[in-house]
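# got a structure for you, letters missing:
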């Protein structure tokens, strides 16, 4: 089907695309099996730290995707619609392979694109779309192909993890750390995709599709970002033996699959609790292999380009199977399972410091049959409202929400109470 | 080349072989692509918890390996020579694929077997030989195929890690914990392969060959076991902020590759320090991906059978490349690099409690220009010899050994001093 060496065209020369060009220049092994022949980006002249004079230039990445002299299109433009989608569809439709880092595109249009690839006998690989340099996609698709996964849980957004880690380490507020991250280029000018949990939800959608053999179903993920996590929460959680992380989790549940992204309290013994900074990690529970943990750099030029390169090598060595590990026809349209709402919860209440407030709060919790596991009040001299945090014993979320509504209705709280779940440690390292 | 479904024969029905039979019975996906048709073991009648009546029986596993109606031979007999070797050679020579969990065989005969596989156009896969259920082999062979690895370091022997973890947790001696492990079936009656570091060295040999593109060279690994690690060492190291682990490590060094297995002190911040019990883990440093960590169950029926199954699925889906990631002709015969001997060291001296002993020890260290970083003396009332432990600042190993010889020659120590290196934390989670 192809010439001796697969001819590669890169659509997009941002951080990742530039990194792939550099890898082609520095890695003999890639050049033995593939040949980088064409590139396309918005501006030809822009300084990128790589010399692109030796490659065919396309102003229009869709024209490059349509060019019969290119065997593999690397799509690193990004974005869930528009040009990137057009590039991928054009390449697959004419029988070219596609390697992409585009989680937003695949989370929403993954099933349709996988069908398109199957109809045309081409491959669509996306290791770089999830977990940066951590080979989560291949592990789930290939290494666990003889296993039955029951849950995947990860830290999949490096920006959020960097912000939460920095808040804890430096004692600065969410807003201050975010502003720094934006200045340093770790966060976008509009940070919503990251801090709102949407990027992690895109990635979770893809991992869940592979792990459980279901159609990717982004709309099904319940998403909550880290915007409401305050320094008070991080400090108080720390005093209680917890760390706050944005957890993306999908689990087999009664009759379907449950998926969510949300900040949660993790005991310091949880395998994800010590994943700091911009690292990403994934914990997979599967039978009969048990629990597997994968940790590494979740973003950036080097890690992401390395994942693109591993997909390219898979194509060159004729590996790389079905898009989501199975033929699309075998992917189930899994019912959306009800979330497991029974568990321990963390509550932060900003209360007006008046006699009887604690008694009133306790009373409303007791009314919903909720037992308090731990309780902390932080002195805030001179402030109008003081934080009270508590963790509950196992109870239903509906009960917690009812109690919180009742407490807020008392008029003793300065703002609606904030609720976070406590993520249970299914198994510890060494357990 | 093959029928619709690959026909599989399993040689060896111990823990792993029995686990693979169970997986075939419970996993629809395996059965879609492969068909288990034959088994062979020492005794047909032995109770195994699996029904083998439906499979062809071979008394002689070599005869099974030679049978033209079997497309893939799963070799889980074990042992570096003898029957297992004969089975693998017979299968490869007639053009059958082999999936094996046999690290001892591959560490010593891997290059010859890889050549045999290449000549006959067959595949020889061994995910289950290293790291139990943790997909270390595939990660190095495929996911890092666009990267340049500089070091791999791991906890590759679950028995040693279990013993060290139990000693720390229970305060019992090496001998007592080993005896328990033997009773529970976690350690062999002759534990030398495990506690002597040889099993970890076999595994390291295979990982290094893939990571660095070199011929597997078991004789090249410097091996030291955990037999001399005492409860005193574990307690004293703990007081100084370290944990003792058996580390298997291979690194690119000047002009070659350096490989060793040895107990070492790890700061509690080291990515391998918190890997407890029988877990295995691997930390890979590679450019441009950065540091990757893989953690999971390193042995046992389920994890090992799952790795065999992933190799079988690779064969069924026509994945699975060269035995060590590259054609054998491209594997370098790497020179054995000199070990990096400069670093910090831990010393444990059992001294007769006499005035002036500490001064004499300090003097001999100073004579070799060795500075002491930390020092601990443990009270041992009534004992003839008391333990003194210390860690040095960075110095050469030769100097440490010279100082230790000079100290022992003073006649103040009850036994030869014990030396362990302090493993430096190259990068922390989140660094």
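In hand now; what should we look at? Small disclaimer: the values here were computed from a predicted structure and weren't measured.
# buried ones in the one helix or strand residue A:107 maps to?
Using DSSP states H and E, residue A:107 sits within helix A:103-119. Buried residues in helix A:103-119, counting neighbours by 16 or more other C-beta atoms under 10 Å in any protein chain shown, are found at A:103-111, A:113-114, A:116-118. Just so you know, the C-beta spots here come from the backbone N, C-alpha and C atoms, and that holds for glycine as well.
# spatially, which two of those residues are the most separated?
Spatial extent of the buried residues of helix A:103-119 (C-beta to C-beta) is set by the pair A:104 and A:118 at 21.7 Å.
# sorry, back to before: name the helices or strands packed onto the next helix or strand after the helix holding residue A:107?
Sequence-wise, the next helix or strand downstream of helix A:103-119 (DSSP H and E) is strand A:124-125. If you count contacts as 3 or more C-beta pairs under 8 Å, 6 or more residues apart in numbering or on different chains; DSSP states H and E, strand A:124-125 packs onto strand A:97-100, helix A:103-119, helix A:301-316.
# please, which helix or strand holds the closest residue to residue A:188 other than its chain neighbours?
For residue A:188, ignoring the flanking residues on the chain, the nearest one in space by C-beta to C-beta, 6 or more residues apart in numbering or on different chains is residue A:194 at 6.7 Å. Assigned by DSSP H and E, residue A:194 belongs to helix A:192-195.
# contacts made by that helix with the rest, please.
Residues outside helix A:192-195 that contact it (C-beta atoms under 8 Å, 6 or more residues apart in numbering or on different chains): A:104, A:157, A:159-160, A:163, A:178, A:187-188, A:198-199, A:225-227.
# the same query, at a cut-off of 10 Å, please.
Helix A:192-195 is contacted from outside by A:80, A:104, A:157-160, A:162-163, A:174, A:178, A:181, A:186-188, A:198-202, A:225-227, A:229, A:246, A:299, using C-beta atoms under 10 Å, 6 or more residues apart in numbering or on different chains.
# and the angle for the helix or strand just after it with helix A:103-119?
Note on helix A:192-195: by DSSP H and E, the next helix or strand toward the C-terminus is helix A:198-212. Orientation of helix A:198-212 against helix A:103-119 (axes from the mean of the first three to the mean of the last three C-alpha atoms, to 10 degrees) gives an angle of 40 degrees.
# what strands flank the helix or strand following helix A:198-212, and is each parallel or antiparallel?
Using DSSP H and E, the helix or strand that follows helix A:198-212 in sequence is strand A:222-223. Using DSSP bridges, the strands paired with strand A:222-223 are strand A:256-267 (parallel).
# what about the partner strand, distance to the chain center?
Averaged C-alpha coordinates place strand A:256-267 at 12 Å from its chain's average position (C-alpha atoms, centre = their mean, to the nearest Å).
# which parts of it are buried?
A:256-266.
# farthest-apart pair in the residues you listed, please.
A:256 and A:265 (26.1 Å).
# need the contact list for the residue of the stretch 101-250 of chain A found nearest chain B.
Using C-beta to the nearest C-beta, the single residue of the stretch 101-250 of chain A nearest to chain B is residue A:146, 2.5 Å away. By C-beta under 10 Å, 6+ apart, the contact list for residue A:146 reads A:286, A:288-289, B:20, B:23-24, B:26-27, B:29-30, B:34, B:305-313.
# hang on, it in a strand?
No. Assigned with DSSP: H, G, I helix; E, B strand; the rest coil, residue A:146 falls outside any strand and is coil.
# ok, back up a step: let's have the buried residues of helix A:103-119 in CSV, adding pLDDT and distance to chain B.
Shown next, in CSV, are the buried residues of helix A:103-119 (pLDDT from 0 to 100; distance: C-beta to the nearest C-beta, whole Å):
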residue, pLDDT, distance to chain B
A:103, 97, 18
A:104, 97, 23
A:105, 98, 22
A:106, 98, 19
A:107, 98, 22
A:108, 97, 26
A:109, 98, 25
A:110, 97, 20
A:111, 97, 20
A:113, 98, 20
A:114, 98, 16
A:116, 98, 20
A:117, 98, 15
A:118, 97, 14
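# tabulate those residues (JSON lines), appending distance to residue A:169.
Formatted as JSON lines, the buried residues of helix A:103-119 follow (distance: C-beta to C-beta, whole Å):
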{"residue": "A:103", "distance to residue A:169": "28"}
{"residue": "A:104", "distance to residue A:169": "30"}
{"residue": "A:105", "distance to residue A:169": "35"}
{"residue": "A:106", "distance to residue A:169": "34"}
{"residue": "A:107", "distance to residue A:169": "31"}
{"residue": "A:108", "distance to residue A:169": "35"}
{"residue": "A:109", "distance to residue A:169": "39"}
{"residue": "A:110", "distance to residue A:169": "37"}
{"residue": "A:111", "distance to residue A:169": "41"}
{"residue": "A:113", "distance to residue A:169": "40"}
{"residue": "A:114", "distance to residue A:169": "41"}
{"residue": "A:116", "distance to residue A:169": "46"}
{"residue": "A:117", "distance to residue A:169": "44"}
{"residue": "A:118", "distance to residue A:169": "47"}
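# which one of those is nearest residue A:58?
Looking across these and measuring by C-beta to C-beta, the closest to residue A:58 is residue A:105, at 19.6 Å.
# is the residue nearest to the closest one when sequence neighbours are not counted in a helix, a strand, or coil?
What sits nearest to residue A:105 in space, not counting adjacent residues and going by C-beta to C-beta, 6+ apart, is residue A:80, at 5.1 Å. The three-state assignment at residue A:80 reads coil, by three-state DSSP.
# is it true that residue A:80 touches residue A:113?
No. Assessed by C-beta atoms under 10 Å, residue A:80 is found out of contact with residue A:113, at 11.6 Å.
# list residues touching both of these two?
With C-beta under 10 Å, 6+ apart as the test, residue A:80 and residue A:113 both reach A:102, A:105-106.
# any chance of the residues you listed in TSV, plus distance to residue B:367?
Compiled in TSV, the shared contacts of residue A:80 and residue A:113 are given as follows (distance: C-beta to C-beta, whole Å):
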residue	distance to residue B:367
A:102	64
A:105	67
A:106	65
